[in-house]
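[1] Fold the following for me, if possible:
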Amino acid sequence: MRHLAATAVVITTLGVQGPAALPKDTPVATITLEELRDHVCFLASDFLGGRRPYDAGYSIAAEYAATQLQGAGVGPAFTGAGGTPTYFQKVPLTRVTASIDRPFTLTTAAGERVIDTLNDFKLISRGPSLNKAPMIFIGYGISEPDHGWDDLKGLDLKGKVAVMLIGAPLRDGKPVLPAEVHESYQSLAGAGRKARAPVLKDNRPDALLIIADKEASDGWDLLPDIVGLPQIQYRPGSGPGQASTPPASVAIVKGAQAEAIFAGQDYNPLAIPTRGLAGYRTFEFTDVRLGLGIRAATEDFESVNVAGLVPGTDPTLAHQVVTIGAHLDHVNPVGGKICNGADDNASGSAGVLEIAEAVAARPFRRPVLFCLFTAEESGLIGSRHFLSAPPVPVADIIVNLNLDMIGRSDAAAGRSRTHYVIGSAQITPELKALITAVDARTVKWPLDFESQESSMPGSDHYNFHRQGIPTAFFFSGRHDDLHAPTDDAEEIDFEKVQHLSQLVYEVTAELGTRDESIRPPVAKKEPAAKKEACTAER
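    Residues are numbered from 1 along each chain as shown. I've put the predicted structure just below:
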C-alpha cells in the first residue's frame with residue numbers, strides 16, 4: 001500500500017486556515033487532543049509490540065479499549081457464556097508460519113534448473129506447493145474492456161502460475177488507460193487489486209508471480225516477505241464468510257529470477273522500459289514449468305473484537321443502529337523492527353474511544369454501536385466475523401462510519417491537510433451530502449470524496465458495504481510510513497485527529513437524531529406458503 005500518488009479533488013474545502021472552534025459546553029468538547037494523544041501513545045508503544053492478533057500486546061490493547069468504554073459509561077455489546085454481558089467477541093483464527101523446503105525450480109526441455117538466488121524472491125502469501133506447474137504470462141493482468149484493454153480475455157489460468165507485471169501500460173510515456181484507472185493499478189497495492197478482481201473469481205491461477213518494477217526493486221528491503229513470519233487466517237469451518245477456495249501463493253521476483261523465467265521465450269517483457277509496448281502480448285510459456293515447495297506450520301488461537309453499545313432514547317428507533325468502527329490490530333515487524341501503527345490504526349481506535357465517551361454523555365435517539373476489530377490487516381477477518389454473528393441484527397444497522405488512519409496527510413493533501421472520505425460519493429450520495437453539510441457548519445475540515453475511491457475494498461467498512469449498509473471510510477491516504485517501523489506517535493498530527501473525531505461525532509449526532517434513516521428499510525421476506533399436510537389416506 002506504499003507510494004500511490006493521487007491528485008486531490010477537494011469537494012469540501014475552506015482553505016488552509018485553522019478548523020472551526022466548537023462549543024465548549026457540549027459533549028463534543030470532551031474529545032480532547034490530550035486524551036487522544038494518551039490513547040495513541042499507549043496503543044502505539046513498543047510495549048504492545050505492534051498489536052498482532054496472537055500477541056499479548058493485542059490482548060492488552062483489547063483490555064484497554066474495553067476498560068475505556070466501561071469507564072465512559074458505554075455498555076458491553078455482546079452476551080458471553082451464561083448470558084453474561086461482555087465487551088469481547090471471540091474470533092477463531094489460525095496462525096500459519098511458512099517456510100521454503102524446496103527452492104524455486106524451473107523445469108525446461110534441458111532439465112531442471114534451481115534458481116537459488118533467494119535474495120531475488122519474496123513470498124507475499126502462501127498457497128499449496130507447486131510441482132512442475134505450467135506458466136502463463138498475463139501481461140499487466142488488467143481487465144478493463146470498457147477502456148479498450150483486456151489482458152485476461154480468452155486466457156485459461158486454472159492450474160497454472162500466472163506471471164504478471166506491476167503497474168499499468170504506458171505508450172510514448174503516457175498512460176494508456178484513463179489517469180484514475182491507471183493510478184489505481186500502481187505499486188504492489190495495485191497488484192493486489194488485480195489479484196482480487198472479480199474476473200479472476202472463476203478463473204483463478206494456482207499462484208501469482210509478480211515481476212518487480214524499478215520502484216519495487218529500489219524498495220526491495222521494505223517489501224513484505226512472509227517466510228518465517230506468522231500469517232493470520234480465518235479458521236477453516238469457523239463461520240460464515242469463510243473463503244470457499246484455498247489461498248493461492250503470491251510471490252514477487254526481480255533480478256536473476258525474473259530473467260531466468262523469460263529466458264528463451266519469444267517475447268521478453270523485461271525489455272518494456274526501453275522498447276515500450278512493441279510486441280506486447282500475453283502467452284503460455286514454452287517448455288517451462290515452475291516448482292516451489294512451501295511448508296506451513298499451523299496453530300489455532302482466538303483473538304477478540306471489542307464492542308460497546310450506547311442505547312438510544314427513542315424506543316421507536318431502537319431498531320436503527322449507527323455503527324462506528326476502527327481496527328485495533330497491526331502488522332508484523334519489518335526488517336526486525338516493530339511496526340507500531342500509530343496512524344494505522346491507533347489513531348482511528350483512539351477516535352472511536354473518544355467519540356464513544358461523548359455519545360455516552362448525552363445519548364441520541366438512535367443506538368450507537370462502537371466496534372474495534374481484530375485481524376483487519378489479515379483480510380478484514382474481524383469485521384467479517386462480527387457481521388456473521390452480530391450483537392444486533394444486520395438489518396438494523398443503518399450506517400457504518402469507519403476510522404482507519406485519521407492522523408496523517410499524504411503527499412497529495414499538501415498543506416491543506418485534506419482528509420479522504422471513501423465510499424459515500426459513488427454509493428450513498430445522501431451520506432456524502434450529510435457529511436459535507438455537517439462539516440461546513442461545524443469542524444470545517446477540507447475533505448476529498450473522490451480521489452481515493454479505488455481504496456474502497458481496503459478496510460473494515462467494506463464488509464458492511466457488502467451487506468448493503470451505507471458506509472464512509474475516513475482515511476489519511478498512503479503516506480510513506482504506512483506499514484513501516486516509522487509509523488510512530490511522534491509523527492501524528494493530533495490536531496487533525498481531534499477535529500476529525502469531532503467531525504465524526506457531529507455526523508453521528510445528525511444520523512442519531514434526524515427523523516429519517518440514511519438506510520432505506522430492509523424489505524422483509526414474505527414467509528413461504530405452507531404446503532398442505534400429507535395424510536395417511538390417499
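[2] mean confidence score for the helix or strand hosting residue 272?
    Assigned by DSSP states H and E, residue 272 falls within helix 272-275. Averaged across helix 272-275, pLDDT comes to 92.
[3] residues of stretch 127-143 that come out buried?
    Buried residues in stretch 127-143, counted by 16 or more other Cβ atoms under 10 Å: 127, 129-130, 133, 135-143. All C-beta atoms are positioned from the backbone trio N, CA, C, and that covers glycine.
[4] Out of those residues, which comes closest to residue 304?
    residue 127 (28.1 Å; Cβ to Cβ).
[5] where does that closest one land on pLDDT?
    77.
[6] want to try JSON lines for the buried residues of stretch 127-143, with distance to residue 466 and secondary structure as columns?
    As requested, these are arranged in JSON lines below (distance: Cβ to Cβ, whole Å; DSSP: H, G, I helix; E, B strand; the rest coil):
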{"residue": "127", "distance to residue 466": "24", "secondary structure": "coil"}
{"residue": "129", "distance to residue 466": "32", "secondary structure": "coil"}
{"residue": "130", "distance to residue 466": "31", "secondary structure": "strand"}
{"residue": "133", "distance to residue 466": "32", "secondary structure": "strand"}
{"residue": "135", "distance to residue 466": "33", "secondary structure": "strand"}
{"residue": "136", "distance to residue 466": "30", "secondary structure": "strand"}
{"residue": "137", "distance to residue 466": "32", "secondary structure": "strand"}
{"residue": "138", "distance to residue 466": "27", "secondary structure": "coil"}
{"residue": "139", "distance to residue 466": "29", "secondary structure": "coil"}
{"residue": "140", "distance to residue 466": "27", "secondary structure": "coil"}
{"residue": "141", "distance to residue 466": "23", "secondary structure": "coil"}
{"residue": "142", "distance to residue 466": "23", "secondary structure": "coil"}
{"residue": "143", "distance to residue 466": "21", "secondary structure": "strand"}
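[7] quick one: least confident of these?
    Out of the buried residues of stretch 127-143, that is residue 127, at 77.
[8] That one and residue 249 touch, don't they?
    Yes - using Cβ atoms under 8 Å, residue 127 is in contact with residue 249, at 3.7 Å.
[9] got any residues that touch both of these two?
    Counting by Cβ atoms under 8 Å, 6 or more residues apart in numbering, the shared contacts of residue 127 and residue 249 are 206-207, 294.
[10] Please indicate which of the residues you listed has the highest neighbour count?
    Highest neighbour count within those, by other Cβ atoms under 10 Å: residue 207, with 23 neighbours.
[11] Which residue comes closest to that residue once chain neighbours are left out?
    Distances taken as Cβ to Cβ, 6 or more residues apart in numbering put residue 249 closest to residue 207, at 4.1 Å, once the chain neighbours are dropped.
[12] Mind pulling the model confidence for that neighbour?
    82.
[13] Quick check: it touching residue 204?
    No - with contacts counted by Cβ under 8 Å, residue 249 stays clear of residue 204, the gap being 11.8 Å.
[14] before we move on, the earlier item: adding distance to residue 419, write the buried residues of stretch 127-143 out as a markdown table.
    Output for those, formatted as a markdown table (distance: Cβ to Cβ, whole Å):
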| residue | distance to residue 419 |
| --- | --- |
| 127 | 37 |
| 129 | 44 |
| 130 | 43 |
| 133 | 45 |
| 135 | 43 |
| 136 | 42 |
| 137 | 40 |
| 138 | 36 |
| 139 | 36 |
| 140 | 31 |
| 141 | 31 |
| 142 | 29 |
| 143 | 32 |
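[15] ranges for the helices of the stretch 51-200 of the chain?
    56-71, 179-184, 187-195 (DSSP state H, counting those that start in this stretch).
[16] Can you name every helix or strand that whichever helix in the chain runs longest contacts?
    Longest helix in the chain, counting residues (DSSP state H): helix 494-513. Based on contacts counted as 3 or more Cβ pairs under 8 Å, 6 or more residues apart in numbering; DSSP states H and E, the elements that helix 494-513 packs against are helix 33-43, strand 321-327, helix 348-361, strand 397-403, helix 429-441, strand 471-475.
[17] where does the chain dip in pLDDT?
    Low-confidence segments of the chain (pLDDT under 70): 1-24, 115-118, 236-247, 522-538.
[18] Okay, buried residues for the longest helix of the chain please.
    Neighbour-count burial for helix 494-513 flags 494, 496-512 (criterion: 16+ other Cβ under 10 Å).
[19] thinking again about what came up before, next, give phi and psi for the residue nearest to residue 207.
    Per-residue torsions, residue 249: phi -70, psi 140 (degrees, to the nearest 10).
[20] Just give the number of residues close to it.
    Per other Cβ under 10 Å, the neighbour tally for residue 249 reads 22.
[21] OK, contacts around it?
    Residue 249 touches 123, 125-128, 130, 206-208, 292, 294, counting by Cβ under 8 Å, 6+ apart.
[22] any idea which of those is closest to residue 397?
    residue 125 (30.7 Å).
[23] and the closest one, what is it in contact with?
    With Cβ under 8 Å, 6+ apart, residue 125 has these contacts: 226, 231, 247-250.
[24] out of those, which are buried?
    For the contacts of residue 125, a burial check counting by 16+ other Cβ under 10 Å picks out 226, 231, 248-250.
[25] the strands in the stretch 1-150 of the chain, which residues?
    Ranges of strands in the stretch 1-150 of the chain, per DSSP state E, counting those that start in this stretch, are 75-76, 78-79, 85-86, 88-108, 111-114, 121-125, 130-137, 143-144, 149-150.
[26] other SSEs contacting the second one?
    With contacts defined as 3+ Cβ pairs under 8 Å, 6+ apart, the secondary structure elements packing on strand 78-79 are strand 85-86.
[27] just the longest one next, same as before
    When contacts are defined as 3+ Cβ pairs under 8 Å, 6+ apart, strand 88-108 packs onto strand 111-114, strand 121-125, strand 231-234, helix 255-262, strand 283-310, helix 381-388.
[28] do the last one as well
    Here strand 149-150 touches strand 143-144, going by 3+ Cβ pairs under 8 Å, 6+ apart.
[29] residues of the helix holding residue 272 that come out buried?
    Buried, per 16+ other Cβ under 10 Å, within helix 272-275: residue 272.
[30] Name the residues that touch that helix?
    By Cβ under 8 Å, 6+ apart, helix 272-275 touches 165, 214, 280.
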